[in-house]
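Engineer: 3D, please:
(one chain, ligands or ions: 1)
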Amino acid sequence: MTAMIHARFDSGNIRVLDQRGDVFDLEIVADRDSDFYQWFHFRLSGAAGRAVTLRILNTRGSAYPGGWPNYAARVSEDRIDWRQAPTTYTDDVLEIRYTPASDGAWFAYFAPYAMERHHDLIARTAMTPGVTARVLGYSLDGQTIDCVELGDGLLQVWLYGRQHPGETMAEWWMEGALDMLTDPHAPIARALRQRCTFHVVPNMNPDGSSRGHLRTNAVGTNLNREWHAPSPERSPEVLCVRDAMDATGVDFAMDVHGDEAIPYVFIAGFEGIPAWTEAQGALYTRYRETLARRTPDFQVQHGYPITGPGRANLSMSTNQLAERFGCVAMTLEMPFKDNDDLPDPDYGWSPGRSMRLAEDCLAALWEMIDVLPAAPRGGTTR
Ligand code: ZN
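Structural biologist: Modelled structure (predicted):
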């Protein structure tokens, strides 16, 4: 049988440049109307029992060339269990060597999270007593921006992810968070629901997700550079979420992402915002330290450089929300590679670890619940 490669499905992305038997030369396709690319997802067929070599040639121009050294592609034959495939990176070529047991093998930059699974998540969460599932608006392709709401408390907690659609670990994290929050037997979840109202947007960028984009929506907009001035033309996804935030207020916000290059889980804050206060910063620091104490999958040594006073980019959601509401806001970053403090040679960073991390993030929020201030309600912003 002839080996073949396919990518016409949800979040599929690859182009075949050349095939020499079971050796393929490939390139990743850029996001529409954008130069960004790094996400790939494709199916190999017709190669059971044979050693196949998959060579991705255009890594040099990718969004994060630093993401390729010490990275391993993920592979699955059942599309459920995604493991690291033998992968090398030499002379700008990412080479995956794999011998599938069956005639189907799927390869991806990280375990995919399909839009069908997103709708399954929204549906089963919405069926839980006390949960409201709202459609906040529409993407440019007409997909829904879904928000799940639960809890009766004063503290307004916003959790949102996948502004960058190729960072699928963000939606795995959301699934872990929602499964815990809706578990009637989870004591921390029950307690949190008494003290907080949760607003959860598991996927800010459904168009980029469907289209197999790394970083942008249907017209090439990086949604996490739109929060100062979202528009119906370029970023309705952000506009509808920010409007909903203005209506509820925000006391605690977490924006969930994946990082291509850094092999650790870390959190980035809002240090450079004009309205920064010591009290606001102290709560942020305390949250990070609490989470680092709770789980060996989180640390505070490695991460992004801290922005100087007054130099924050207010087009990014964490900075915009911290400035706009005076709240504790943060960007959670999980690796595409692995957590080098606790490496797993079989899986690397994984959906399962993303989901467990969400549970620890919620538990860290519970540990701080008595010191987090709930702002006066009524949609007041600074
Ligand atoms: Zn991101």
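Engineer: Surely residue 156 is in contact with residue 195?
Structural biologist: No: because the distance of 11.1 Å does not satisfy CB atoms under 8 Å, residue 156 is recorded as not touching residue 195. Every C-beta, even on glycine, is put in place using the N, C-alpha and C of the backbone.
Engineer: More neighbours: these two, which one.
Structural biologist: For residue 156 and residue 195, the more surrounded residue by other CB atoms under 10 Å is residue 156, and the numbers stand at 22 against 18.
Engineer: For the more buried one, pull up the helix or strand it's in.
Structural biologist: Assigned by DSSP states H and E, residue 156 belongs to strand 155-161.
Engineer: got the angle for the helix or strand following that strand vs strand 155-161?
Structural biologist: Of the helices and strands lying after strand 155-161 in sequence (DSSP H and E), the nearest is helix 169-181. Relative orientation of helix 169-181 and strand 155-161, computed by axes from the mean of the first three to the mean of the last three CA atoms, to 10 degrees: 140 degrees.
Engineer: does helix 169-181 come close to the ion?
Structural biologist: No: for a cut-off given as CB under 5 Å from the ion, helix 169-181 has no contacts with the ion; the smallest distance is 7.6 Å.
Engineer: So what touches that helix?
Structural biologist: Counting by CB atoms under 8 Å, 6 or more residues apart in numbering, the neighbours of helix 169-181 from elsewhere in the structure are 110-111, 113, 118, 121, 125, 148, 150-151, 159, 161-162, 164, 186, 188-189, 192-193, 198, 200, 202-203, 256-258, 332, 334, 336, 349, 351, 354-359, 361-362.
Engineer: so what's the one residue in the stretch 201-350 of the chain that gets nearest to the ion up against?
Structural biologist: When distances are taken as CB to the ion, the stretch 201-350 of the chain approaches the ion most closely through residue 257, which lies 3.4 Å from it. By CB under 8 Å, 6+ apart, the residues touching residue 257 are 161, 163-164, 167, 170, 331-334.
Engineer: Residue 229: neighbouring residues, count only.
Structural biologist: Residues lying near residue 229 (other CB under 10 Å) number 14.
Engineer: Find me the pLDDT at it, would you?
Structural biologist: pLDDT recorded at residue 229 is 98.
Engineer: One more: residue 114?
Structural biologist: Predicted confidence (pLDDT) for residue 114: 98.
Engineer: And the one 3 residues further on, by the same measure?
Structural biologist: What the model reports for residue 117 is a pLDDT of 98.
Engineer: which stretch of helix or strand covers it?
Structural biologist: The secondary structure element spanning residue 117 is helix 115-126 (assigned by DSSP H and E).
Engineer: what separates the helix or strand just after that helix from the chain centre, distance-wise?
Structural biologist: Using DSSP H and E, the next helix or strand after helix 115-126 towards the C-terminus is strand 132-138. For strand 132-138, the distance between its averaged C-alpha position and the chain's averaged C-alpha position is 19 Å (CA atoms, centre = their mean, to the nearest Å).
Engineer: Only C-alpha atoms, please: export strand 132-138 in CSV.
Structural biologist: What follows is strand 132-138, C-alpha atoms only, in CSV (Å, rounded to 0.1, in the frame of the first residue of the first chain):
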residue,chain,number,x,y,z
THR,A,132,-25.9,28.5,32.8
ALA,A,133,-24.5,28.3,29.3
ARG,A,134,-24.5,31.6,27.5
VAL,A,135,-23.6,32.5,23.9
LEU,A,136,-21.8,35.8,24.3
GLY,A,137,-21.4,36.5,20.5
TYR,A,138,-20.1,35.2,17.3
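Engineer: What residues sit buried inside it?
Structural biologist: Judged by neighbour count (16 or more other CB atoms under 10 Å), strand 132-138 contains these buried residues: 133, 136-138.
Engineer: Give me the local confidence score for the closest residue to residue 309 other than its chain neighbours.
Structural biologist: Take residue 309 and drop its neighbours on the chain: the residue closest to it by CB to CB, 6 or more residues apart in numbering is residue 272, 6.1 Å away. Note for residue 272: predicted pLDDT of 96.
Engineer: Let me have the buried residues of strand 132-138 in a markdown table, adding pLDDT and distance to residue 221 as columns.
Structural biologist: Rendered in a markdown table, the data for the buried residues of strand 132-138 read as follows (pLDDT from 0 to 100; distance: CB to CB, whole Å):
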| residue | pLDDT | distance to residue 221 |
| --- | --- | --- |
| 133 | 98 | 26 |
| 136 | 98 | 17 |
| 137 | 98 | 15 |
| 138 | 98 | 15 |
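Engineer: rewinding a little: let's verify the residue of the stretch 201-350 of the chain closest to the ion: helix, strand, or coil?
Structural biologist: Taking DSSP: H, G, I helix; E, B strand; the rest coil as the rule, one finds residue 257 in the strand state.
Engineer: same question, the one 10 residues further on
Structural biologist: The three-state label given to residue 267 by three-state DSSP is strand.
Engineer: Count the residues that sit near it.
Structural biologist: Neighbouring residues of residue 267 were enumerated by other CB under 10 Å; the total is 22.
Engineer: before we move on, what about residue 20?
Structural biologist: Neighbouring residues of residue 20 were enumerated by other CB under 10 Å; the total is 8.
Engineer: Look up phi and psi at residue 288.
Structural biologist: In terms of degrees, to the nearest 10, the main-chain angles of residue 288 are phi -60, psi -40.
Engineer: Give the full set of residues in contact with it.
Structural biologist: Listed by CB under 8 Å, 6+ apart, the contact partners of residue 288 are 267, 269, 300, 330.
Engineer: Mind putting those into JSON lines with distance to residue 1 and pLDDT?
Structural biologist: As requested, the contacts of residue 288 are exported to JSON lines (distance: CB to CB, whole Å; pLDDT from 0 to 100):
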{"residue": "267", "distance to residue 1": "48", "pLDDT": "98"}
{"residue": "269", "distance to residue 1": "53", "pLDDT": "98"}
{"residue": "300", "distance to residue 1": "51", "pLDDT": "98"}
{"residue": "330", "distance to residue 1": "50", "pLDDT": "98"}
